[in-house]
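In: heads up, no residue letters with this:
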């Protein structure tokens with residue numbers, strides 16, 4: 001039996017061993033930057049997380065240092081004394097999440113710094129210090145998007161997913177393998193709320209699934225008075241209505257290098273779906289036989305419906321020399337129509353922006369939550385701009401009438417976009433990394449002076465994620481909280497027969 005003295009000595013020994021282990025771990029984790037020579041050049045990072053402005057609640061921006069070296073060190077620090085180092089043998093910098101969030105929360109000055117130091121031929125060299133910035137405005141916690149094959153002829157395996165932007169956790173909302181391989185698309189939310197959403201299902205089990213007030217329903221939006229099922233949707237801010245375009249779509253395929261497919265409408269109107277009454281209505285102004293109306297978007301107060309509109313007569317003009325000449329003449333302007341929610345009726349149409357006279361076309365208008373700005377796509381013609389490499393994002397200030405091209409665009413397609421609930425962040429689809437097929441979600445800060453900051457791609461835990469994934473990120477939407485749906489909860493409603501919507505004339 002151990003005496004009290006021997007027992008005490010054993011405890012002391014264990015204590016010192018424990019302290020030694022903790023000290024060893026602490027010193028091994030806090031690697032110091034060795035003496036180095038200044039290289040006087042910028043490091044090449046992939047993704048390009050340099051001089052970017054980020055939200056304070058974003059997951060760590062892991063990256064690869066695209067420099068040939070034997071060892072890599074990345075030092076992260078701020079002016080408030082937070083300082084840590086990440087080492088790598090292959091250039092892949094994986095940032096510890098706790099240290100990352102401590103860095104952001106402790107950066108009172110609104111900026112932090114990254115030093116990249118590498119060992120080449122036995123010598124350490126340091127690249128120019130990287131300065132990144134973070135805004136005080138948080139971004140909505142979740143991003144909802146569709147992953148889809150980049151081919152344009154048909155679909156294969158696809159799903160709608162949600163990503164927690166504060167971490168790397170991804171969960172599926174709907175997978176088309178539970179719906180017999182059909183197409184699921186056009187997920188849309190009301191005012192960035194995860195409690196009110198919808199998405200379409202095409203082919204087998206066709207219908208529009210609506211989630212509102214914790215209830216699921218499946219609607220057939222095609223009536224004997226409309227030309228097609230509802231397509232591009234826009235929630236009225238009340239949550240009681242959805243404006244849909246109804247489109248007769250044609251696809252054609254290019255033999256021109258750098259272009260793949262052209263998608264355009266031969267007919268299109270806009271209709272209003274009353275969720276409470278299960279009734280679709282329209283009006284003459286939104287179903288003009290001589291015009292193509294599409295891509296509806298509501299003002300935040302619900303008093304106006306903005307939409308894109310083109311003259312349809314160019315399709316009938318006999319003096320064209322080629323098909324390309326015909327559809328390249330279809331150019332859309334931005335209009336709006338007054339709406340009275342109480343009477344469920346539309347009023348006067350106003351022209352907001354005319355670009356069709358300058359070899360340009362407007363698509364995908366999105367109004368900022370404060371109602372002051374419209375962010376839209378502009379291309380040479382047409383409206384499905386994801387296939388137009390010249391497409392850029394433009395900003396219309398409704399207060400001043402000034403149209404500007406924010407410095408977030410590249411020389412490849414920058415397209416589908418949405419605002420955060422605060423209006424301080426946007427997310428948009430860009431093909432800047434691939435150039436032709438693959439879209440990635442990029443985020444940009446929109447400050448109170450109306451300026452856009454340098455965008456950054458959605459961060460991933462695996463630095464090789466974008467090299468390996470063979471899917472496009474499609475229709476990124478920001479929502480404030482997790483959507484409490486998953487493929488299992490949706491499986492029942494998916495295969496139900498859709499309820500037919502009625503139709504009423506104004």
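Out: Perfect, I can see it now. These numbers come from a predicted model, not from an experiment.

In: burial measure for the residue lying closest to residue 81 once chain neighbours are set aside, as a count.
Out: Counting by Cβ to Cβ, 6 or more residues apart in numbering, the nearest residue to residue 81 once its immediate chain neighbours are dropped is residue 106, at 7.8 Å. Yep, even glycine has a C-beta here, placed from its N, CA and C like the rest. When neighbours are counted by other Cβ atoms under 10 Å, residue 106 registers 13.

In: and residue 106, what does it touch?
Out: Taking Cβ atoms under 8 Å, 6 or more residues apart in numbering as the definition of contact, the neighbours of residue 106 are 78, 80-82.

In: Of these, which pair is most distant in space?
Out: Farthest apart among those by Cβ to Cβ are 78 and 81. That separation is 7.6 Å.

In: quick one, which of the two is more surrounded?
Out: residue 78 (19 against 7).

In: From residue 132, how far out is the residue nearest to residue 81?
Out: Distance, residue 106 to residue 132, by Cβ to Cβ, to the nearest Å: 14 Å.

In: Residue 50 too?
Out: When Cβ to Cβ is the yardstick, residue 50 and residue 132 sit 7 Å from each other.

In: what do these two both touch?
Out: By the contact definition Cβ under 8 Å, 6+ apart, residue 50 and residue 132 are jointly contacted by no residue.

In: Can you pull the domain assignment for this protein?
Out: With automatic domain parsing serving as the domain definition, the record reports that the chain contains domains spanning 37-134, 142-505.

In: contacting residues for residue 196?
Out: Neighbour list for residue 196: 189-190, 211-212, 235, 239 [criterion: Cβ under 8 Å, 6+ apart].

In: Mind checking which of those are buried?
Out: In terms of neighbour count (16 or more other Cβ atoms under 10 Å), the buried residues within those are 189-190, 211-212, 235, 239.

In: export the residues you listed to CSV and tack on distance to residue 182, pLDDT and secondary structure?
Out: Listed next are the buried ones among the contacts of residue 196 as CSV, based on distance: Cβ to Cβ, whole Å; pLDDT from 0 to 100; DSSP: H, G, I helix; E, B strand; the rest coil:
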residue, distance to residue 182, pLDDT, secondary structure
189, 22, 98, strand
190, 24, 98, strand
211, 18, 97, strand
212, 22, 96, strand
235, 23, 98, strand
239, 27, 97, coil
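
In: Residue 361 reaches residue 382, doesn't it?
Out: Yes - here residue 361 reaches residue 382: they are 5.9 Å apart, a contact under Cβ atoms under 8 Å.

In: can you list residues touching both of those two?
Out: Taking Cβ under 8 Å, 6+ apart as the contact criterion, the residues that touch both residue 361 and residue 382 are 330-332.

In: Highest neighbour count among these?
Out: For the shared contacts of residue 361 and residue 382, neighbours tallied by other Cβ under 10 Å; top is residue 332, 29 neighbours.

In: follow-up on the earlier one: check the domains of the chain for me: which has the lowest mean pLDDT.
Out: For these, the bottom mean pLDDT is recorded on domain 142-505, which sits at a mean of 91.

In: quick one: it to chain centroid distance?
Out: When distances are taken as Cα atoms, centre = their mean, to the nearest Å, domain 142-505 is centred 11 Å away from the chain's centroid.

In: in the sheet, who's paired with residue 248?
Out: The residues paired with residue 248 through beta bridges, assigned by DSSP bridges, are residue 267.

In: For burial, what's the neighbour tally of it?
Out: Burial of residue 248, expressed as a neighbour count using other Cβ under 10 Å, amounts to 13.

In: Pretty sure it sits against residue 266.
Out: Yes - distance between residue 248 and residue 266: 5.0 Å, which falls inside the contact criterion (Cβ under 8 Å).

In: dump the residue contacts of residue 497.
Out: With contact set as Cβ under 8 Å, 6+ apart, residue 497 has these partners: residue 218.

In: how close does it sit to residue 489?
Out: Distance from residue 497 to residue 489, counting by Cβ to Cβ: 19 Å.

In: which SS class is the residue nearest to residue 425 when sequence neighbours are not counted?
Out: Counting by Cβ to Cβ, 6+ apart, the nearest residue to residue 425 once its immediate chain neighbours are dropped is residue 139, at 4.7 Å. With DSSP: H, G, I helix; E, B strand; the rest coil as the basis, the three-state label of residue 139 is coil.

In: now residue 48
Out: Using three-state DSSP, the secondary structure recorded for residue 48 is coil.

In: Which of the residues in stretch 355-373 are classified as buried?
Out: By 16+ other Cβ under 10 Å, the buried positions in stretch 355-373 come out as 355-356, 360-369, 373.

In: out of those residues, which one sits closest to residue 415?
Out: Distance ranking of the buried residues of stretch 355-373 against residue 415, using Cβ to Cβ, places residue 364 first at 7.1 Å.

In: ok, the closest one touching residue 382?
Out: No - no contact is recorded between residue 364 and residue 382 when judged using Cβ under 8 Å, the distance being 11.7 Å.

In: hmm, back to that, looking at the buried residues of stretch 355-373, which two lie furthest apart in space?
Out: Using Cβ to Cβ, the two most remote members of the buried residues of stretch 355-373 are 356 and 369, lying 28.3 Å apart.

In: Pull out the buried positions in the helix or strand residue 264 falls within.
Out: In this assignment (DSSP states H and E), residue 264 forms part of strand 261-274. Buried residues in strand 261-274, counted by 16+ other Cβ under 10 Å: 262-265, 267-274.

In: Nearest to residue 449 among those?
Out: Taking Cβ to Cβ as the measure, residue 270 is the one of those closest to residue 449, at 34.2 Å.

In: so who does that closest one touch?
Out: For residue 270, the contacting residues are 243-246, 282, 286-287, 293-294, 296, 305, 307, by Cβ under 8 Å, 6+ apart.

In: could you redo the last one with a cut-off of 7 Å?
Out: 243, 245, 286, 293, 296, 307 (Cβ atoms under 7 Å, 6 or more residues apart in numbering).

In: got the residue ranges for the helices in the stretch 151-300 of the chain?
Out: Assigned by DSSP state H, counting those that start in this stretch, the helices in the stretch 151-300 of the chain number zero.

In: so how many other residues sit close to residue 40?
Out: Neighbour count of residue 40, defined by other Cβ under 10 Å: 9.

In: so what's it closest to, chain neighbours aside?
Out: Going by Cβ to Cβ, 6+ apart, residue 40 has residue 128 as its nearest residue, at 7.0 Å.

In: now the one you found, what's its secondary structure?
Out: Classified using three-state DSSP, residue 128 is coil.

In: if I read this right, it contacts residue 42, doesn't it?
Out: Yes - counting by Cβ atoms under 7 Å, residue 128 touches residue 42, with 5.1 Å between them.

In: Among the buried residues of stretch 355-373, which one lies nearest to residue 99?
Out: In terms of Cβ to Cβ, no member of these lies closer to residue 99 than residue 369, at 33.3 Å.

In: Please name the nearest non-neighbouring residue to the closest one.
Out: In space, residue 369 is closest to residue 423, 4.2 Å off (Cβ to Cβ, 6+ apart).

In: Please tell me how far the one you found sits from residue 372.
Out: 9 Å.

In: In the stretch 401-506 of the chain, what residue spans correspond to helices?
Out: The residue ranges that make up the helices of the stretch 401-506 of the chain, judged by DSSP H, counting those that start in this stretch, are 465-468, 487-494.

In: Any idea which of the ones you listed gets closest to residue 459?
Out: helix 465-468 (9.3 Å).

In: ok, now which ones touch residue 173?
Out: Residues in contact with residue 173 (Cβ under 7 Å, 6+ apart) are 144, 160-162, 483, 485-486.

In: for residue 483, same thing?
Out: In this structure, residue 483 makes contact with 144, 162, 173, 194, 197, judged by Cβ under 7 Å, 6+ apart.

In: Make sure the last one is actually in contact with residue 187.
Out: So the one you mean is residue 197. Yes - taking Cβ under 7 Å as the contact criterion, residue 197 and residue 187 are neighbours in contact, 6.3 Å apart.
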